[in-house]
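> The following comprises the amino acid sequence and a computationally predicted model.
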Amino acid sequence: SIAPEDILRLTVRDIPSPTSFHPEFTTFQFVPRSIGTGDTYVEASLSMFKELGFIDRYRLRRRTLARFLLMVQKGYRDVPYHNWGHAFSVGHFCYLILRMPDVVNALSELERFSLLVASLCHDIDHRGTTNAFQLQSKTPLAQLYSSEGSVLERHHFAQTVTILGMDECNIFEQLTRQQYQTVLDNIREIILATDIAAHLRKVTRIKEMIEEGFDPSLPDHHYLFMCLLMTASDLSDQSKDFKTSKAIAENIYKEFFSQGDLEKQMGNSPIEMMDRERACVPKIQLEFMDTVALPVFDYLSRILPDLRTTYDSLLTNRRCWSALDSILQEEGLPAAGGLDYLR
Ligand SMILES: Cc1nc2ccc(C(=O)N[C@]34C[C@H]5C[C@H](C[C@H](C5)C3)C4)cc2n2c(-c3ccccc3Cl)nnc12
Ligand SMILES: [Mg+2]
Ligand SMILES: [Zn+2]
């Protein structure tokens with residue numbers, strides 16, 4: 001249930017404009033978490049729906065959208081990285097892309113509406129552990145979804161559907177049956193696309209799409225473009241200033257190393273990336289940027305040239321991680337030893 005005063009807070013006043021949260025709110029280098037706390041993120045999310053025109057276009061009831069967003073916020077756990085702040089920062093990056101004229105022309109309104117909802121919901125009820133951990137530890141989620149893979153992502157989608165089923169939370173209630181089906185199919189595909197392993201299996205098709213040139217008449221190009229857009233949004237913290245990217249990476253490794261500790265307690269040996277005794281964070285970051293993050297922003301920039309600046313930020317951050325890596329080697333600091341040397 002939702003506190004009445006929270007509903008009141010969100011429905012009495014006018015929805016503020018995005019730049020009322022910060023003058024730089026609509027720039028790609030802006031750090032969305034900096035506008036305040038979880039409740040401010042709910043207000044800013046309302047403002048993003050309004051500014052993208054979805055409240056008017058889909059006749060969203062203010063109260064219903066407010067209740068939905070409050071339930072989404074409540075759906076996230078208090079873990080170091082995969083929390084409501086992460087969801088909001090992913091939603092913010094996605095919002096910035098959705099307002100670009102090239103994207104408005106490339107995707108349908110329903111696809112853009114699906115992307116904004118999916119970005120805010122894409123990690124609901126994340127436990128701070130990976131898909132591999134669900135399978136190895138035979139968690140309840142693995143019991144439910146292991147046969148299809150992307151265990152966590154299927155759960156995030158199931159939680160989204162559950163929230164839509166709660167009274168006065170169904171923001172899609174006034175859509176036609178056809179639109180409703182389309183939006184849920186889109187959201188399901190988009191959330192499933194945030195499993196990096198699933199993304200890596202699509203890279204060949206994404207490259208082909210870029211070579212052919214994005215063709216808005218091809219449904220598969222719409223699908224691949226939405227998945228790429230979502231993956232970039234999920235990794236968007238790495239396109240900010242290094243101080244921010246490094247701070248966020250530290251939260252990711254807090255989750256990874258806690259999982260590693262848990263695996264050791266359970267008698268399993270964690271992979272190096274999860275083992276605080278063995279992991280060298282700068283090296284893992286360099287590998288992740290080279291194999292996953294940089295290619296994602298490179299592909300996206302080839303479709304949306306205005307995003308080349310975000311790719312450049314990732315390159316700058318890569319240089320910082322590389323410098324950090326060499327300094328640690330020269331000083332002979334423990335190559336492992338978790339995060340303390342990142343202070
Ligand atoms: C900065 C940063 N570093 C990250 C370093 C590593 C990995 C990671 O999952 N690696 C892989 C490495 C191989 C092939 C696949 C499947 C598994 C085996 C595990 C991926 C993720 C990282 N990540 C994410 C992120 C994005 C989506 C879901 C979860 C997370 Cl944590 N968001 N930001 C970051
Ligand atoms: Mg996820
Ligand atoms: Zn995420």
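Sure thing, it's come through. Ligands and ions are numbered 1, 2, ... in the order given.

> Show me which residues of the stretch 51-200 of the chain are close to ligand 3?
Within the stretch 51-200 of the chain, the positions lying close to ligand 3 (Cβ under 5 Å from the ion) are Asp123. For glycine as for every other residue, the C-beta is placed from the backbone atoms N, C-alpha and C.

> Quick check: the residue of the stretch 151-300 of the chain nearest ligand 3.
Closest contact between the stretch 151-300 of the chain and ligand 3, by Cβ to the ion, is at Asp234 (4.4 Å).

> so what's that residue up against?
90, 122, 194 (Cβ atoms under 8 Å, 6 or more residues apart in numbering).

> buried set for the helix or strand hosting Ala44?
Following DSSP states H and E, one finds Ala44 within helix 38-51. For helix 38-51, a neighbour-count test (16 or more other Cβ atoms under 10 Å) marks 38, 41-51 as buried.

> count of neighbours near Ile284?
18 (other Cβ atoms under 10 Å).

> That one and Cys320: what is the separation?
14 Å (Cβ to Cβ, to the nearest Å).

> what does Phe214 give?
32 Å.

> which parts of the stretch 151-300 of the chain sit against ligand 1?
194, 196-197, 234-235, 238, 249, 252, 284, 288 (Cβ under 6 Å from any ligand atom).

> Now with 8 Å, please.
194-197, 200, 231, 234-235, 237-238, 245, 248-249, 252, 255-256, 271, 273, 284-285, 287-289, 291-293 (Cβ under 8 Å from any ligand atom).

> excluding its backbone neighbours, what's nearest Lys50?
Ile15 (4.7 Å; Cβ to Cβ, 6 or more residues apart in numbering).

> what comes up buried for stretch 130-137?
In stretch 130-137, the ones that count as buried by 16+ other Cβ under 10 Å are 130-131, 133-134.

> quick one on the thing from earlier: could you list which of the residues of the stretch 151-300 of the chain next to ligand 1 also contact ligand 2?
Thr194.

> Could you pick out the buried ones from the residues of the stretch 151-300 of the chain next to ligand 1?
Buried among these (16+ other Cβ under 10 Å): 194-196, 231, 234-235, 237-238, 245, 248-249, 252, 255-256, 273, 284-285, 288-289, 292-293.

> can you tell me which of these are in strands?
Per DSSP state E, strands hold no members of those.

> Could you list which of those residues belong to helices?
196, 231, 234, 245, 248-249, 252, 255-256, 284-285, 288 (DSSP state H).

> who does the lowest-mean-pLDDT helix or strand in the chain touch, helix- and strand-wise?
Within the chain, no helix or strand scores below helix 4-11, which has a mean of 90 by mean pLDDT, DSSP states H and E. Here helix 4-11 touches helix 38-51, helix 62-75, going by 3 or more Cβ pairs under 8 Å, 6 or more residues apart in numbering; DSSP states H and E.

> contacts for that helix?
Contacts for helix 4-11 (Cβ under 8 Å, 6+ apart): 39, 42-43, 46, 62-63, 66-67, 69-70.

> That one vs helix 62-75, what angle?
120 degrees (axes from the mean of the first three to the mean of the last three Cα atoms, to 10 degrees).

> Name the residues of helix 4-11 that are buried.
So for helix 4-11, counting by 16+ other Cβ under 10 Å, buried means 6-7, 10-11.

> try stretch 19-37
21-22, 25-26, 28, 30-33, 35.

> So is that stretch next to ligand 1?
No. Stretch 19-37 lies out of reach of ligand 1 by Cβ under 8 Å from any ligand atom, never closer than 14.2 Å.

> quick one: average confidence on that stretch?
On average, the pLDDT along stretch 19-37 is 98.

> Now do that stretch: distance from first to last residue.
Length of stretch 19-37, first residue to last, Cα to Cα, to the nearest Å: 17 Å.

> can you list the residues that contact it?
18, 40-41, 43-44, 47, 85, 88-89, 92-93, 96, 99, 239-241, 244, 307, 309-310, 313.

> Can you add pLDDT and give the buried residues of stretch 130-137 back as CSV?
As requested, those are exported to CSV (pLDDT from 0 to 100):
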residue, pLDDT
Thr130, 98
Asn131, 98
Phe133, 97
Gln134, 97
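
> quick one: which of the residues you listed sit in helices?
131, 133-134.

> Show the contacting residues for the residue of the stretch 1-150 of the chain at minimum distance from ligand 2.
Of all residues in the stretch 1-150 of the chain, Asp123 sits closest to ligand 2, with a separation of 4.4 Å (Cβ to the ion). By Cβ under 8 Å, 6+ apart, the residues touching Asp123 are 76, 82, 86-87, 90, 152, 156, 194.
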